[in-house]
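S.K.: Pasted the sequence and its predicted model underneath.
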Amino acid sequence: MTKRKTTTPPEKQVSLAVELGPLKMKNPVCTASGTFGYGEEYSRYYDLSKLGAITVKGLSLKPLQGNPPPRICETPSGMLNAIGLQNVGVDEFIHKKLPFLHRYDIKVVANIFGNTIEEYEAVAARLDRAAGVHAIEVNISCPNVKKGGMAFGTDLDSTYDVLKAVRGATGLPVLAKLSPNVTDVVPFAVKAAEAGVDGLSLINTLLGMSINVKTRKPRIANITGGLSGPAIRPVAIRIVYQVHRAVGLPILGMGGIINSDDAIEFILAGATAVSVGTANFVNPTAASDIVDGIKKYMIENDIADIRQLVGKVDIPA
Amino acid sequence: MTKRKTTTPPEKQVSLAVELGPLKMKNPVCTASGTFGYGEEYSRYYDLSKLGAITVKGLSLKPLQGNPPPRICETPSGMLNAIGLQNVGVDEFIHKKLPFLHRYDIKVVANIFGNTIEEYEAVAARLDRAAGVHAIEVNISCPNVKKGGMAFGTDLDSTYDVLKAVRGATGLPVLAKLSPNVTDVVPFAVKAAEAGVDGLSLINTLLGMSINVKTRKPRIANITGGLSGPAIRPVAIRIVYQVHRAVGLPILGMGGIINSDDAIEFILAGATAVSVGTANFVNPTAASDIVDGIKKYMIENDIADIRQLVGKVDIPA
Amino acid sequence: MQATVTSNENIFGSYFHLEVAAKGIGRKAGPGTFYMLKVASGTDPLLRRPISLHRVVSDDAVRFLYKSVGRGTNILGRLVPGDSLDIIGPLGNGFKVGKSVKLAMLVAGGIGVAPLLGLAEHIMKTRTDVTVVAFIGGRSEEDLLAIQEFRELGVRMYLCTEDGSLARCGIVTDTIEEYIKRYAPSGTKGWEMFSCGPKGMLRGVDAIASMHKIKHHASLEANMACGVGACMGCVVSILDRKAGVPVYKKVCDDGPVFDAEDVVW
Amino acid sequence: MQATVTSNENIFGSYFHLEVAAKGIGRKAGPGTFYMLKVASGTDPLLRRPISLHRVVSDDAVRFLYKSVGRGTNILGRLVPGDSLDIIGPLGNGFKVGKSVKLAMLVAGGIGVAPLLGLAEHIMKTRTDVTVVAFIGGRSEEDLLAIQEFRELGVRMYLCTEDGSLARCGIVTDTIEEYIKRYAPSGTKGWEMFSCGPKGMLRGVDAIASMHKIKHHASLEANMACGVGACMGCVVSILDRKAGVPVYKKVCDDGPVFDAEDVVW
Ligand SMILES: Cc1cc2nc3c(=O)[nH]c(=O)nc-3n(C[C@H](O)[C@H](O)[C@H](O)COP(=O)(O)OP(=O)(O)OC[C@H]3O[C@@H](n4cnc5c(N)ncnc54)[C@H](O)[C@@H]3O)c2cc1C
Ligand SMILES: Cc1cc2nc3c(=O)[nH]c(=O)nc-3n(C[C@H](O)[C@H](O)[C@H](O)COP(=O)(O)OP(=O)(O)OC[C@H]3O[C@@H](n4cnc5c(N)ncnc54)[C@H](O)[C@@H]3O)c2cc1C
Ligand SMILES: Cc1cc2nc3c(=O)[nH]c(=O)nc-3n(C[C@H](O)[C@H](O)[C@H](O)COP(=O)(O)O)c2cc1C
Ligand SMILES: Cc1cc2nc3c(=O)[nH]c(=O)nc-3n(C[C@H](O)[C@H](O)[C@H](O)COP(=O)(O)O)c2cc1C
Ligand code: FES
Ligand code: FES
């Protein structure tokens, strides 16, 4: 038998599929919580099935009104926000928002938070029973709410307790979203691993503030807010790198990703997948474009499987 | 006796003088350590006497070679550096660099660091006897050297010990340059106050990293570096605000100041004076322009004395 | 979408007319909708700037009227024909002119006139049963915008300037009150107000509207990040009539036009 | 200082000639010095870009030759005559042509030719006792730059391209070696090399220079923040002859031209 010769080489096949622990994604691109609504908003701009996953706005047990406006302001290559976790509540999410996402071939990550450990637990338990939720991302790092949020994420014991409770409340993959506003993230990552989570989301926003010198008032009503966008990318890359070296858990990397080169930078630093946040605001098709860009990079650089790049920053001996 | 009528109002007089504890400056504008060499470099661009003070590059007991190149890279609205505190050493500074500054009517702040408490102490002691040094800024927050630097600045006891030792070694005003790379700067500020320093310098650079996706190597040889420039301003403003509310010490504020509005933002947040860093690289006359801009702001807003603005951000009840 | 600048004219002071072309850009653009413009390609300034539709030129071209007030709009001012401009939109609900409207009172303060010209044009074109009058106020003569265009449309205008440099000296609420005093006695049935301008002005206009039971549609502003309803950054406090409590509504998505009666000013 | 762009021409591929005018900008500009250009007014990109003096046009005008390779230089490529450009310089030591030089061998790789044209011009104007020859290499035909200008100056050139698309196929070290083989037998006294190009090329050139005891001045590149010696960001490792150890020297201030013998490659 003679082999058939192919005259034109077939388009190079590259594999973009990744696993964040038990969460399997067809490509490493996700959207960051709070920057993509519940998916519907951006579905007008492209087919959401293009993405590996989407993370929805943080969910609490009861609907929340959030902080008074102004809630956002622009900063150099970044923005501050103090939305204060306004959301429809976990029940309305499940009944009114989640069904829309069923139309898409996409993994849905539900980001959750609470004022008490019990609340975190309760939200996780409800999502556990909801069809079409594929993972839970536990936000213990929101800088914009008094109780809950960052208060948990900056204390090692609370970090463990919250995550352990959520771990117990659901069989879904659990990602811990840790606070970057600490001296060293590594011990928190270790605690999260001990609590049994499946992966880490890094990073949440940096705590910041901006003052309008004309009015002499803070630019956002909450006084301080969370800094996101390209400005924080070097901090995020450093944290992903440090945590990846120190802890075995897969990382969902984020913080200032604007294009596919930025996404690859996170992957090289140690992220298995990436979330696109503020960039969605700047360019509604950002996350989709990043999927294309990663593929292009892989073809140009002869990377057959994106997993080959994870943590492969070339550190001279 | 009839009063003379002035037909044209005299140019409004505004007072820019400030005191950082015992350090009296004719205006609140200083230059940040490591961004202004030893003064000579920028003296070609304007008369240094225009400024309130200059802070020179960090000094150690012995000359230091610093880190291998590449040492810097650009990031969105910022830059990373890992100079590694290359400097001529305190003795050569005193003999070769300091005399140049005698020509100017300007306060000289000597920034110091060491690998051990004894080294900090020794450098401070030598500067104490040097003519024309007006204050010492103790860097316990450099992210770019293994020993010393940030290792001191992220531990409360070491912070106290180093500062106490320097305080004992000199009668000059002492400023403590604290690390922003901690969960909460306030306890460190409290420790610094307990150690008897006269003021606080806030903030040093944030620890960051950047990877070139073409070469897959870190963009700076030291792998991680310090993030400076406008990108970090919201973080710096937040820290100055927090510390000013909590601690009575005067603050030398810095981090991303590019123009006079930025400087005023720091003053409103609680800084008594400000240091201009990365902006010098972008615009050699930045610090001088900022003096002019502050004056203009005061005249336009009827501020007779700049000290009236310190900490006067308008926080709604 | 990538639009092409076809003209960018500094009409006077800090006011500009910007016209851009892109396939379909004007097709679904109702009066009072807006666009998000990316004024520079880098990451500083990072966010898009919201600018209202001023006038639909064609299915494939729209016109903006903007004031250069800060970094982003200053950069806009430097665009020249042929430049490419990254735009999303039209966005937002826009002005809805109900069936029962007989008199549309357009109330503009300063640059707030921008979306109202398009509204006037829209009404004149689609609703011959509606009379349009415009109350236009500004700080000074040069802040009275689009006068010529309203005149060409044949819209009756009531003008005023705060410094009296043109027309009446006063604020726009004065001219409205006078108008009402004069014509309301014969009934305000079918009268509705459509306003855009500084918050203080809108509140003042709303006081008059309530007093005279005139339905009032106000176009609000807020700092925006996404413009599409995803970030929750642009909320204003709006009374939820059913619940009887104020809730946060998104200016970009639920607005920018709100029933002024429900706005918690 | 604020300079005015008088021309910015895309000569071909990604190469541009930029000419700017500002009072005194060319006055103290020696060959091999450079300028720091602020390509955009915002904070992104933040830092200035170093670009060598290509040619002094007059006391008040200079010309650059640059290659658009990334964000900053792409933005530069969009400048049009009349635009204002914020520039500092001239900076750095530049090439120094010693008294005893008889033959100046200019060695350029790709865009590295930029400072060498100005050097050739300078030598021809001030030193009739020196012969100038230029060894110019590039990847491909279009990477051989400033050929026309060198020809007009009457400089003898030895060209090569890596792909053989023009002139010799090979790298610039080949042409130098051949030249030396041919002419060195009658002595290399008074020969000096002046080079600029990729690091690998400079190192290769230096190996030849050392072998033949030809003094070699190499212009180096490094990432720069300040350009004026204040940040210590741009260092390279240079042998301190007295101490016998390598020390870090600043490319912007101690360089960009170094005695290649001392460079720790
Ligand atoms: C729905 C809507 C429609 C608008 N239509 C027009 C129009 O047709 N013509 C026009 O001239 N202006 C319009 N504006 C206002 C315009 O968006 C602002 O003037 C512009 O964003 C200012 O940007 P800047 O960078 O020049 O100013 P800066 O003050 O430097 O902006 C800093 C930040 O604040 C935001 N910001 C500042 N002022 C406003 C404002 N008034 N509203 C919202 N965000 C603001 C900017 O978007 C930016 O994020 C509209 C605003 C909204 C919300
Ligand atoms: C003394 C000196 C003289 C130079 N003269 C010329 C010249 O005449 N013509 C010319 O085309 N190029 C010259 N270069 C190189 C030029 O500075 C870079 O090509 C340019 O900075 C690239 O900027 P970018 O934003 O387009 O690229 P990017 O890669 O996006 O730049 C990212 C960052 O890296 C820096 N960088 C990138 N490449 C270089 C480089 N080769 N050298 C230094 N910094 C770099 C940039 O300045 C910027 O900070 C010179 C460099 C130096 C140091
Ligand atoms: C407007 C806004 C809202 C956010 N809301 C949430 C949230 O509800 N829960 C959460 O875990 N993170 C939230 N984040 C943080 C982002 O998910 C992300 O961690 C951060 O913005 C950094 O990524 P970026 O720089 O790409 O935006 C929010 C960020 C922004 C800008
Ligand atoms: C190149 C460079 C070198 C620096 N060297 C020092 C130093 O020697 N000692 C020190 O305390 N801080 C040093 N810093 C930190 C600055 O003094 C300043 O705290 C920081 O850059 C934030 O200010 P900026 O954003 O205005 O630059 C350095 C910063 C830069 C960019
Ligand atoms: S601007 Fe994002 S929700 Fe309105
Ligand atoms: S670039 Fe700053 S010292 Fe050379």
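M.R.: The structure has been received and is ready for your questions. Residues are numbered from 1 along each chain as shown, chains lettered A, B, ... in the order given. Ligands and ions are numbered 1, 2, ... in the order given.

S.K.: who in the stretch 201-317 of chain A is up against ligand 3?
M.R.: Within the stretch 201-317 of chain A, the positions adjacent to ligand 3 are A:204, A:205, A:228, A:229, A:232, A:254, A:255, A:256, A:257, A:277, A:278, A:279 by CB under 6 Å from any ligand atom. The way it works is simple: take the backbone N, C-alpha and C, and place the C-beta from them, glycine included.

S.K.: Could you report the separation of the nearest residue to the first one once chain neighbours are set aside from residue A:200?
M.R.: Right, the one you point to is residue A:204. Spatial nearest neighbour of residue A:204, chain neighbours left out: residue A:141 (3.9 Å); criterion: CB to CB, 6 or more residues apart in numbering or on different chains. Applying CB to CB, to the nearest Å, the value for residue A:141 to residue A:200 is 11 Å.

S.K.: what touches both of the two?
M.R.: A:177, A:178 (CB atoms under 8 Å, 6 or more residues apart in numbering or on different chains).

S.K.: what separates residue A:95 from chain B, distance-wise?
M.R.: Plainly put, residue A:95 is 37 Å away from chain B if you go by CB to the nearest CB, to the nearest Å.

S.K.: Am I right that that residue is in a strand?
M.R.: No: read with DSSP: H, G, I helix; E, B strand; the rest coil, residue A:95 is helix and lies in no strand.

S.K.: which residues touch it?
M.R.: Taking CB under 8 Å, 6+ apart, one finds nothing in contact with residue A:95.

S.K.: Next: residue A:41.
M.R.: By CB under 8 Å, 6+ apart, the neighbours of residue A:41 are C:226, C:228, C:229, C:230, C:253.

S.K.: By neighbour count, which of those residues wins?
M.R.: residue C:226 (29 neighbours; other CB atoms under 10 Å in any protein chain shown).

S.K.: pretty sure that residue contacts residue A:279?
M.R.: No: the pair residue C:226 / residue A:279 is not scored as a contact, 10.7 Å apart, by CB atoms under 8 Å.

S.K.: Quick check: chain neighbours aside, which residue is closest to residue A:288?
M.R.: Per CB to CB, 6+ apart, closest to residue A:288 is residue A:46, 4.4 Å.

S.K.: Per-residue pLDDT of the one you found, please?
M.R.: Here the pLDDT value assigned to residue A:46 is 97.

S.K.: Helix, strand, or coil at it?
M.R.: Assignment for residue A:46 (three-state DSSP): coil.

S.K.: Can you pull the phi/psi pair for it?
M.R.: phi -170, psi 170 (degrees, to the nearest 10).

S.K.: Would you state the strands of the stretch 51-200 of chain A in chain order?
M.R.: Listed in chain order, the strands of the stretch 51-200 of chain A (DSSP state E, counting those that start in this stretch) span A:53-55, A:72-75, A:78-81, A:107-112, A:135-139, A:174-177, A:199-202.

S.K.: any idea how far the last one is from the chain center?
M.R.: This points to strand A:199-202. 8 Å (CA atoms, centre = their mean, to the nearest Å).

S.K.: Could you list the residues in contact with it?
M.R.: Outside strand A:199-202, the residues touching it (CB under 8 Å, 6+ apart) are A:20-21, A:23, A:137, A:173-178, A:180, A:185, A:189, A:192, A:236, A:239-240, A:243, A:247, A:249-255, A:271-272, A:275.

S.K.: Which stretches in the stretch 51-200 of chain C count as strands?
M.R.: Using DSSP E, counting those that start in this stretch, strands in the stretch 51-200 of chain C cover C:55-58, C:61-67, C:84-91, C:103-109, C:131-138, C:156-161, C:168-169, C:191-196.

S.K.: Okay, now the sheet partners of the last one, with direction.
M.R.: For strand C:191-196, sheet partners with direction are given as strand C:103-109 (parallel), strand C:215-219 (parallel), following DSSP bridges.

S.K.: now the longest one against strand C:131-138, angle please.
M.R.: The one in question is strand C:103-109. Strand C:103-109 and strand C:131-138 are oriented at 10 degrees to each other (axes from the mean of the first three to the mean of the last three CA atoms, to 10 degrees).

S.K.: Does ligand 1 have contacts with strand C:103-109?
M.R.: No: applying CB under 6 Å from any ligand atom, one finds strand C:103-109 separated from ligand 1 by no less than 11.0 Å.

S.K.: what angle separates that strand from strand C:156-161?
M.R.: 20 degrees.

S.K.: hmm, back to that, if I look at the residue nearest to residue A:288, how far off is ligand 2?
M.R.: 28 Å (CB to the nearest ligand atom, to the nearest Å).

S.K.: just residue A:173 next, same as before
M.R.: On the measure of CB to the nearest ligand atom, residue A:173 and ligand 2 end up 38 Å apart.

S.K.: That residue: neighbour count?
M.R.: Per other CB under 10 Å, the neighbour tally for residue A:173 reads 21.

S.K.: cool, and residue A:222?
M.R.: So residue A:222, with other CB under 10 Å, has 23 neighbours.

S.K.: contacting residues around it?
M.R.: Residues in contact with residue A:222 (CB under 8 Å, 6+ apart) are A:67, A:68, A:71, A:82, A:84, A:144.

S.K.: between those, which is nearest ligand 6?
M.R.: residue A:82 (37.5 Å; CB to the nearest ligand atom).

S.K.: Does stretch A:179-189 reach chain B?
M.R.: Yes: shown here: stretch A:179-189 in contact with chain B (CB under 8 Å from any CB of the partner chain) through A:181, A:182, A:183, A:184.

S.K.: Most neighbours among those, which one is it?
M.R.: residue A:181 (24 neighbours).

S.K.: check which helix or strand covers the closest residue to it other than its chain neighbours.
M.R.: Counting by CB to CB, 6+ apart, residue A:181 lies nearest to residue A:207, which is 5.1 Å off, once chain neighbours are set aside. Per DSSP states H and E, residue A:207 falls inside strand A:206-209.

S.K.: Note down every partner strand of that strand and its orientation.
M.R.: Strand pairing for strand A:206-209, determined by DSSP bridges: strand A:224-228 (antiparallel).

S.K.: Run through the neighbouring helices and strands of the following helix or strand past the strand it pairs with.
M.R.: Next in sequence after strand A:224-228, counting helices and strands by DSSP H and E, comes helix A:233-246. The contact analysis (3 or more CB pairs under 8 Å, 6 or more residues apart in numbering or on different chains; DSSP states H and E) places helix A:233-246 against helix A:186-194, strand A:199-202, strand A:251-254, helix A:260-269, strand B:206-209, strand B:224-228.

S.K.: To residue B:286, which of the ones you listed lies closest?
M.R.: Among those, the nearest to residue B:286 by CB to CB is strand B:224-228 (13.3 Å).
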